[in-house]
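Peer 1: need the 3D shape of this:
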Amino acid sequence: MHKIPWGLLIFAALAIGPFVPEVQEFILKNNLGSTLPSLFIGAILGLALNVVLGNAGQLHLGIAAFYGIGAFTMAILQIAIYPFQWDFWPALLTSALVSAFIGIVLSSPTLRLRGDYLALVTLGFGVITITLLRKFDEITGGKQTLNPILPPKLPEFLTSPYTWWDNKSLLDMLGLSSEWSKDYRLYYFLTLGFLAAVYWLLRNIERARLGRAWLALREDELAATCMGINAARLKLAAFALSAGIAGLAGGLYAVKTGTTNEPTYFDFSLSVTVLCAVILGGLGSRNGVLLGILFINGFELILAPYIDSFLQRGNYNPEGKNYLKFSNWKLMIFGLSLILMMRFRPYGIIPERRATRQ
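Peer 2: Take a look at the predicted model:
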């Protein structure tokens, strides 16, 4: 019996959804046009952490630092105050490569470390990254943000009119605006496309020799080494790929928001939030990671603001007391969710297939 390709079906539904009038109306009515691309970018970051933590079994507490490196690299290569002013595609590729290179440089001296010691090193790297981004204000802007980061230019074949076909461009025929800033669906499809590409890439890697070697390393590093597996090289590959994907997500974040945000945005709390999402969804499970990001980020970006707005409209919190604001309870809800998951479903909401067979 053939298994239902749930991942493919979900991505197909997400791609078709914005063209359905009812779905389009729902997204616009609930102001989800900006939120959904942010969820997709968060999912890419979650998949990046899952590479080194879920697949290779290396505890990483500094994934947000590589996310920030990607964002600032993207800004430096694009905004007008710097001499580069690269186009979107080479700047995005460079953001991923710079993050991957720094990931290699970081991991090289730590290849012999395991467990808590490795976690402390990655935690320290995240703190150092934030400090450097704030200190080198001549390059990074310091406490200020780098902006404006212009949206990517559309390919000419999408915007040029088809003289043989009603004199309309392809975007006009699809009901889309010819400018990125005027239609949420362009950022929607850009981020969704990269999420699908990363998901497909990791799926193939997990089924290849490298993915199986990561699995052996995660389960028992000593046994894997005795079988001839080069543990140092595997860890290096995991850190590099994870950092590169995180840098890619950071570059997309900078372009989508039009700014880098303040450096402290990429601090330890963001790394912990992504870590919670990966654990909640299921370590080593790509589908679980996506669901965990939907739960964590969806709660913060969609559910909490909606409930706060509902309470305000209903005059349930007329004095604006903080303890009656639903968004202020998010950390407690996340912590309680993790405790319940560890107690009743320790492998996550959608556990890795191998875990379910144990």
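
Peer 1: make it CA atoms for all contacts and neighbour counts henceforth
Peer 2: Noted.

Peer 1: so how far is Lys135 from Tyr188?
Peer 2: According to C-alpha to C-alpha, to the nearest Å, Tyr188 stands 34 Å off from Lys135.

Peer 1: flag the shaky bits of the stretch 1-150 of the chain, pLDDT-wise.
Peer 2: Applying pLDDT under 70 to the stretch 1-150 of the chain flags the ranges 1-4.

Peer 1: now the helix or strand encompassing Ala197: mean pLDDT?
Peer 2: Secondary structure assignment for Ala197, by DSSP states H and E: helix 184-207. Averaging pLDDT along helix 184-207 yields 92.

Peer 1: give the next helix or strand downstream of that helix.
Peer 2: Taking DSSP H and E, what comes next after helix 184-207 is helix 209-219.

Peer 1: got the buried residues for that next one?
Peer 2: For helix 209-219, burial by neighbour count (16 or more other C-alpha atoms under 10 Å) applies to Gly211, Ala213, Trp214, Leu215, Ala216, Leu217, Arg218.

Peer 1: would you put the C-alpha positions of the helix or strand that it is followed by in CSV?
Peer 2: Scanning forward in sequence from helix 209-219 by DSSP H and E, the next helix or strand is helix 221-226. Output in CSV follows, covering the C-alpha atoms of helix 221-226 (Å, rounded to 0.1, in the frame of the first residue of the first chain):
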residue,chain,number,x,y,z
GLU,A,221,28.8,8.2,18.7
LEU,A,222,31.3,5.6,20.1
ALA,A,223,29.7,2.7,18.2
ALA,A,224,29.5,4.8,15.0
THR,A,225,33.2,5.7,15.3
CYS,A,226,34.1,2.0,15.8
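
Peer 1: need the contact partners of helix 221-226.
Peer 2: Ala213, Ala216, Leu217, Ala231 (C-alpha atoms under 8 Å, 6 or more residues apart in numbering).

Peer 1: same deal with stretch 326-344?
Peer 2: Residues contacting stretch 326-344 (C-alpha under 8 Å, 6+ apart): 276, 279-280, 296, 299-300, 304-305, 307-308, 322-323, 348-349.

Peer 1: returning to what we had before: can you lay out the buried residues of helix 209-219 as a markdown table showing distance to Ala12?
Peer 2: Below are the buried residues of helix 209-219 laid out as a markdown table (distance: C-alpha to C-alpha, whole Å):
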| residue | distance to Ala12 |
| --- | --- |
| Gly211 | 26 |
| Ala213 | 31 |
| Trp214 | 30 |
| Leu215 | 29 |
| Ala216 | 33 |
| Leu217 | 34 |
| Arg218 | 32 |
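
Peer 1: any stretches of the stretch 201-350 of the chain with poor pLDDT?
Peer 2: For the stretch 201-350 of the chain, the ranges with pLDDT under 70 are 317-324.
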